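In: For reference, the sequence and a predicted model appear below.
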Amino acid sequence: MSTITMQDALASDEGGQRWPREFAEGVAYLRTGIANVFFLGDPGAGDRGWVLVDAGIRGYAGAIRTAAAERFGPNARPAAIVLTHGHFDHVGCLESLASQWDAPIYAHGLELPYLTGRSAYPPPDPTVGGGLMAALSWAYPRGPINLGDRVRPLPDDGRVPGAEEWRWLHTPGHSPGHVSFYREADRTLIAGDAFVTTKQESAYAVLTQRPEVHGPPAYFTQDWEAAWRSVEALAELAPVIAGTGHGVPFRGESLRHALLALAVDFKRDAIPVSGRYVSRPAVFGPEGVVAVPPDVAHPLLRSLAAASLGFALGMAFRGARTHRS
């Protein structure tokens, strides 16, 4: 974990800005509860003149539409909605927004099974991360959702439909088809959950949004070696500005040093010591999940089991003493 200086973090309350908040030329973001969405396009771009990245958590469709109207003009619809991946906190408003805007959706081909009703994601691992958000992850939705033929694969040549200055990069690990978006002209990166700028496993960190560089949210990361390679690839880009799926955007030397440090020390700082997917990743294919490793006991469940066993043994011992009396 690397802390970001407040000078380089684009803090969420910076200057009392209204949402959406611009953090790079032609790039703004909106926080939807626990996850960010991004708007690619210049202010006033108008109808079909911009692109939405991700669709936040359920219940924020109105806030996303209002932010889009504030930035691009009344009734301005996106040319496309592009996804970093299909986890519940990135697609919560997707069906509603795509329908109301009549907008096409693009995702990596390996994410399509979870967006077209063919497969649910593997179970999360609530034993990793050490925070309340991680402990509760067993209850988070795993999908799938079914967008039918509205969703299509991203172009093979790396183009981002509707945002010609941008390119998509396959950055798997957190999910099989996870992608990040990069604008080479000014080295601006939208990393999704390949890495994040808050400790997403901790409810306190999510509430305070203290800027720190962390690996992908541990409870939903099911291939740690791939996640490490993805962070290394992003660090090699030496981005100047970055926005992530969780936490505030940031820029400058803090970004470069923190991302490089994460890439170098990923095994120590990001990969859990133990957990369901640490030694054996989930296996994915074109149709979805192929295999997952066996479950591991949750620490809380282990504690409850030990307490129950102690109680049972205590009652049995007490019963034996009573019988002897």
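Out: Perfect, thanks for sending it.
In: For residue 153, what are phi and psi?
Out: phi -70, psi 150 (degrees, to the nearest 10).
In: how much space between it and residue 133?
Out: 31 Å (C-beta to C-beta, to the nearest Å). C-beta coordinates here come from the backbone N, C-alpha and C atoms, glycine included.
In: Count the neighbours of residue 280 for me.
Out: 14 (other C-beta atoms under 10 Å).
In: can you pull the contacts of it?
Out: residue 293 (C-beta atoms under 8 Å, 6 or more residues apart in numbering).
In: Would you mind measuring from it to residue 179?
Out: For residue 280 relative to residue 179 (C-beta to C-beta), the value is 24 Å.
In: pLDDT weak spots in the stretch 151-300 of the chain?
Out: The model of the stretch 151-300 of the chain has pLDDT under 70 over residues 298-300.
In: The residue nearest to residue 57 when sequence neighbours are not counted: which element?
Out: Spatial nearest neighbour of residue 57, chain neighbours left out: residue 92 (4.1 Å); criterion: C-beta to C-beta, 6 or more residues apart in numbering. Per DSSP states H and E: residue 92 is located in neither a helix nor a strand.
In: count of neighbours near residue 92?
Out: For residue 92, using other C-beta under 10 Å, the count is 25.
In: residue contacts, it?
Out: 32, 55, 56, 57, 58, 59, 60.
In: TSV please, covering the residues you listed and showing secondary structure, neighbour count and pLDDT.
Out: As requested, these are exported to TSV (DSSP: H, G, I helix; E, B strand; the rest coil; neighbours: other C-beta atoms under 10 Å; pLDDT from 0 to 100):
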residue	secondary structure	neighbour count	pLDDT
32	strand	24	97
55	coil	26	98
56	coil	26	98
57	coil	17	97
58	coil	17	97
59	coil	12	97
60	coil	22	98
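In: Tell me which two of those residues sit farthest apart.
Out: 55 and 59 (11.4 Å; C-beta to C-beta).
In: Quick check: neighbours shared by these two?
Out: Contacts common to residue 55 and residue 59, judged by C-beta under 8 Å, 6+ apart, are 92, 93.
In: what kind of secondary structure is the spatially most central residue of the chain in?
Out: When C-alpha atoms, centre = their mean is applied to the chain, the residue found nearest the centroid is residue 193 (3.6 Å). Secondary structure state of residue 193, per DSSP: H, G, I helix; E, B strand; the rest coil, is coil.
In: how close does it get to residue 243?
Out: 12 Å.
In: just residue 104 next, same as before
Out: Taking C-beta to C-beta, one finds residue 104 at 23 Å from residue 243.
In: Looking at those two, which one has more neighbours?
Out: residue 243 (27 against 17).
In: With adjacent residues omitted, what lies nearest to that one?
Out: residue 249 (4.0 Å).
In: looking at it, the one you found is touching residue 241, isn't it?
Out: Yes: counting by C-beta atoms under 8 Å, residue 249 touches residue 241, with 6.8 Å between them.
In: Mutual contacts of those two, please.
Out: Each of 23, 24 lies in contact with both residue 249 and residue 241 under the rule C-beta under 8 Å, 6+ apart.
In: out of the two, which sits in the more crowded spot?
Out: Neighbours were counted for residue 249 and for residue 241 using other C-beta under 10 Å; residue 249 has more, 29 against 21.
In: And that one, its phi and psi?
Out: phi -70, psi 160.
In: And the helices in the stretch 51-200 of the chain?
Out: All helices of the stretch 51-200 of the chain, identified by DSSP state H, counting those that start in this stretch, fall at 61-72, 94-101, 132-135.
In: Can you redo those helices as a markdown table, where the extra columns are mean neighbour count, mean pLDDT and distance to residue 208?
Out: Output for these, formatted as a markdown table (neighbours: other C-beta atoms under 10 Å; pLDDT from 0 to 100; distance: least, C-beta to C-beta, whole Å):
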| stretch | mean neighbour count | mean pLDDT | distance to residue 208 |
| --- | --- | --- | --- |
| helix 61-72 | 19 | 98 | 21 |
| helix 94-101 | 19 | 97 | 28 |
| helix 132-135 | 20 | 95 | 13 |
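In: wait, which of these is closest to residue 148?
Out: The nearest among the helices of the stretch 51-200 of the chain, by C-beta to C-beta, is helix 94-101 at 9.9 Å.
In: Show me what that closest one is packed against.
Out: helix 61-72, strand 80-82 (3 or more C-beta pairs under 8 Å, 6 or more residues apart in numbering; DSSP states H and E).
In: pLDDT score for residue 20?
Out: As predicted, residue 20 sits at a pLDDT of 96.
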